[in-house]
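> starting from these lines, generate the structure:
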Amino acid sequence: MSDNNRLLIGESPQIQSVLRAAKIVAATDATVLVQGESGTGKELLAHTIHQHSRRAKQALHIINCAALPEHLVESELFGHRKGAFTSANQDYAGRLRAAHGGTVFLDEIGELPLAVQAKLLRFLESGECQAVGESKPYRVDARLITATNRDLFTMSQSGEFRQDLFYRLNVVPLQLPALRERNADIQPLLQHFTQSLAAQHRLSPPAYSQDTLQALMQYSWPGNVRELRNFCERMVILLSGSRIEPANLPGEFRRQASKPQHENAGLFTLPEEGINLQHMEMNIIRQALSKTQGNRSRAARLLGMSRDTLLYRIKKYAL
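Numbering: from 1, shown residues only. All right, here's what the predicted structure looks like:
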């Protein structure tokens, strides 16, 4: 992947706020927990942090915890001695040791087995790792960035994830907004992906009519930026050099556009005597903060607003 494709693109306040925080924390070796829905760009944010860190000249080692065979997770991360288990035909250093001096990005950290979480906690607290079948630990100097689309706090409360590890990972939490929360970035992303993918495939980029752009802006993008990129690649390949109209859009766009407006409307009905809108807003914000145990980023998503907007209203109402 080129450096150009490793960029988090967007000028919206939501994404710029995350990027500013990422570049600040990059100057340190603090552990970072990146949270966000699937497809929001968590790996790209890890690249951003690594590229702005003192470890930038070393490699960023990307490990998808969900892709590791459960019975081999410990060995893959920490290594093993020859003969430690049936298939251990030779010594294996492990991925953490290979990352010495660099940065490790553990994606889908919520999928890590509980037994391995204890060893990861030891690494975070002391820098020590212990290979399977080895009696003495070894030390690794590596910066750790983790990511998840799951609610680790709730998992830690239910016993699905170690509480001590959660709090150790949650030193600097960064919340990536969903694409629907920053739709001002849809058009710049559309242009970027269309141009870069057309060049990659050596095809003429398509053009988008105003009606098509409007339809794309109104679409909810459940797959986030990843879905937008895949959409652009489909249009580049199938409609190279063409002008794309709403009729050319895939079925999911047309189905959403054809839904009656009342399906997307709220369920609240204004009473005849009216309401105190300020009191209602304060009450709803309190409920959102309560539901998310005070996590303002998640509360903002529940309320359908940006984190900055929520922070402004919290300050306004002294909540």
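> make it CA atoms for all contacts and neighbour counts henceforth
Fine.
> quick one, phi/psi of Ala93?
phi -70, psi -30 (degrees, to the nearest 10).
> which residue is the nearest non-sequential neighbour of it?
Nearest non-adjacent residue to Ala93, counting by C-alpha to C-alpha, 6 or more residues apart in numbering: Gly79, 4.6 Å away.
> how far off centre is the lowest-mean-pLDDT helix or strand in the chain?
For the chain, using mean pLDDT, DSSP states H and E, the weakest element among its helices and strands is helix 251-257, scoring a mean of 72. Centroid separation for helix 251-257 versus its chain: 26 Å, with C-alpha atoms, centre = their mean, to the nearest Å.
> any idea how far the residue nearest to Ala93 is from Gln210?
55 Å (C-alpha to C-alpha, to the nearest Å).
> please identify which of those two sits among more neighbours.
Gly79 (24 against 12; other C-alpha atoms under 10 Å).
> thinking that one is in contact with Pro137, fair?
No. At 10.9 Å, Gly79 does not count as touching Pro137 under the criterion of C-alpha atoms under 8 Å.
> hey, where'd the helices end up in the stretch 101-250 of the chain?
114-126, 152-158, 163-169, 186-201, 210-218, 224-238 (DSSP state H, counting those that start in this stretch).
> in the second one, what counts as buried?
Meaning helix 152-158. 152-153, 156 (16 or more other C-alpha atoms under 10 Å).
> how about the last one?
Of the residues in helix 224-238, those with enough neighbours to count as buried (16+ other C-alpha under 10 Å) are 224-229, 231-233, 235-237.
> which helices and strands sit right next to whatever helix or strand Glu76 lives in?
Element membership for Glu76 (DSSP states H and E) is helix 73-78. Applying 3 or more C-alpha pairs under 8 Å, 6 or more residues apart in numbering; DSSP states H and E, we find helix 73-78 packed against helix 95-98.
> check which helices and strands the helix it packs on sits against.
Packed against helix 95-98, as judged by 3+ C-alpha pairs under 8 Å, 6+ apart, are the following elements: helix 73-78.
> how is the protein divided into domains?
With domains defined by automatic domain parsing, the chain comprises 3-175, 180-264, 277-317.
> any idea which of those domains is most buried?
Among those, the stretch with the highest mean neighbour count (mean count of other C-alpha atoms under 10 Å) is domain 3-175, at a mean of 18.
> average model confidence for it?
For domain 3-175, mean pLDDT rounds to 90.
> cool, stretch 295-311 as well?
For stretch 295-311, the per-residue pLDDT averages 81.
> what distance do you get for Phe123 to Val116?
11 Å.
> repeat that for His192.
For His192, the distance to Val116 - C-alpha to C-alpha - is 40 Å.
> go ahead and name everything in contact with stretch 103-113.
Here stretch 103-113 makes contact (C-alpha atoms under 8 Å, 6 or more residues apart in numbering) with 43, 46, 50, 55, 58-66, 70, 73, 96, 142-150, 152, 161.
> again, but for stretch 172-191
By C-alpha under 8 Å, 6+ apart, stretch 172-191 touches 9-12, 14-15, 18, 21-22, 25, 30-37, 40-42, 213, 216-217, 219-221, 224-225, 228-229, 232, 297, 301, 304-306.
> helix, strand, or coil at the closest residue to Gln90 other than its chain neighbours?
In space, Gln90 comes closest to Lys82 once its chain neighbours are excluded; the distance is 4.3 Å by C-alpha to C-alpha, 6+ apart. Secondary structure assignment for Lys82 (DSSP: H, G, I helix; E, B strand; the rest coil): coil.
> and Lys82, its phi and psi?
phi -60, psi 130.
> begin at 57 from now on, thanks
Sure, I'll start numbering at 57, so the last one becomes Lys138.
> residue contacts, it?
Going by C-alpha under 8 Å, 6+ apart, Lys138 touches 144-148.
> redo the helices of the stretch 157-306 of the chain as CSV? Include distance to Pro302.
Shown next, in CSV, are the helices of the stretch 157-306 of the chain (distance: least, C-alpha to C-alpha, whole Å):
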stretch, distance to Pro302
helix 170-182, 48
helix 208-214, 40
helix 219-225, 45
helix 242-257, 15
helix 266-274, 5
helix 280-294, 12
